[in-house]
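Q: Quick one, structure for this:
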Amino acid sequence: MSKRVAILISGGGSNMVALADSMTGDHPARPVLVLANSDSAGGLDKARARGIPTAVVDHRPHRGDRPAFEGELQAALEAARPDIICLAGFMRVLTEGFVSRWQGRMLNIHPSLLPKYRGLHTHARALEAGETEAGCTVHLVTPELDDGPILGQARVPVRADDTEDSLAARVLEQEHRLYPAVLRRFAGGETGRLDLP
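A: The predicted structure follows:
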């Protein structure tokens, strides 16, 4: 029986599309929900075009009351009964209480070679530090921001003429390779680390 996957987004959903489009044929999982924290998230229309159920839990009415926001998030997820949650550009920090409910079943992709450059502005920080390579990481979510066991990484060389945007674009291409590959393994019960060339 296929694993049920919920994908959480905040924007255009390019990683969600890569994940959803990979879950076909003999893949051990299927997407059952795309959930956004804003009804303006462009990924919602892309999910609907693929026949994937969508939901919106707007964080703005809950400003200053994270437990209330996460309570609605939890209710929407429980209704979809996912086995796995994939954070795919979901730009909300989740509390320990929420994460603990899904511990060991929630994945995230981050645009750096963790443990380097947790948080935001990863590409600018890598360039400022003079890094010779950058990349992305898929990891299990723990209460610590951008922490947790690493399930996979993909690397890109930093070019002498790179800007934040050019580096981000090349890293994003690797995200679209790495996240589906890690999800397929994880849904099939493999938790060993995958490093893509």
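Q: and Thr95, what pLDDT?
A: According to the prediction, Thr95 has pLDDT 93.
Q: Next up, phi/psi of it, please.
A: Here the main-chain torsion angles of Thr95 (degrees, to the nearest 10) amount to phi -80, psi 170.
Q: Look at the residue nearest to Leu113 when sequence neighbours are not counted and give its secondary structure.
A: Taking C-beta to C-beta, 6 or more residues apart in numbering, and ignoring the residues beside it in sequence, Leu113 has Gly135 as its nearest neighbour in space, at 4.7 Å. C-betas here are computed from N, CA, C, even on glycine. Under the three-state scheme (DSSP: H, G, I helix; E, B strand; the rest coil), the conformation of Gly135 reads as strand.
Q: And Gly135, how close does it get to Thr122?
A: In this structure, Gly135 lies at 10 Å from Thr122, with C-beta to C-beta, to the nearest Å as the measure.
Q: and what of Gly64?
A: With the distance defined as C-beta to C-beta, Gly64 ends up 27 Å from Thr122.
Q: hmm, back to that, tally of neighbours for the residue nearest to Leu113?
A: Using other C-beta atoms under 10 Å, Gly135 is surrounded by 26 other residues.
Q: Who does it form a beta bridge with?
A: The residues paired with Gly135 through beta bridges, assigned by DSSP bridges, are Arg155.
Q: what sits against it?
A: Contact criterion C-beta atoms under 8 Å, 6 or more residues apart in numbering gives Ser112, Leu113, Gln153, Ala154, Arg155, Val156, Val171, Gln174 as the residues in contact with Gly135.
Q: quick one: the helices in the protein?
A: In the chain, the helices defined using DSSP state H lie at 14-22, 43-49, 66-80, 96-101, 122-128, 164-187.
Q: Show the average pLDDT along the first one.
A: Right, the one you point to is helix 14-22. The average of the pLDDT scores along helix 14-22 is 98.
Q: Then the second one?
A: Taken as a whole, helix 43-49 has an average pLDDT of 98.
Q: How far away from the center of its chain is it?
A: Taking C-alpha atoms, centre = their mean, to the nearest Å, one finds helix 43-49 lying 16 Å from the centre of the chain it belongs to.
Q: got it, and the third one?
A: Relative to the centre of its chain, helix 66-80 is centred 18 Å away, using C-alpha atoms, centre = their mean.
Q: Which residues does that helix contact?
A: Helix 66-80 has contacts (C-beta under 8 Å, 6+ apart) with 4, 6, 32-33, 35, 53, 55, 57, 59, 62, 85, 92, 94-95, 97-98, 101-102.
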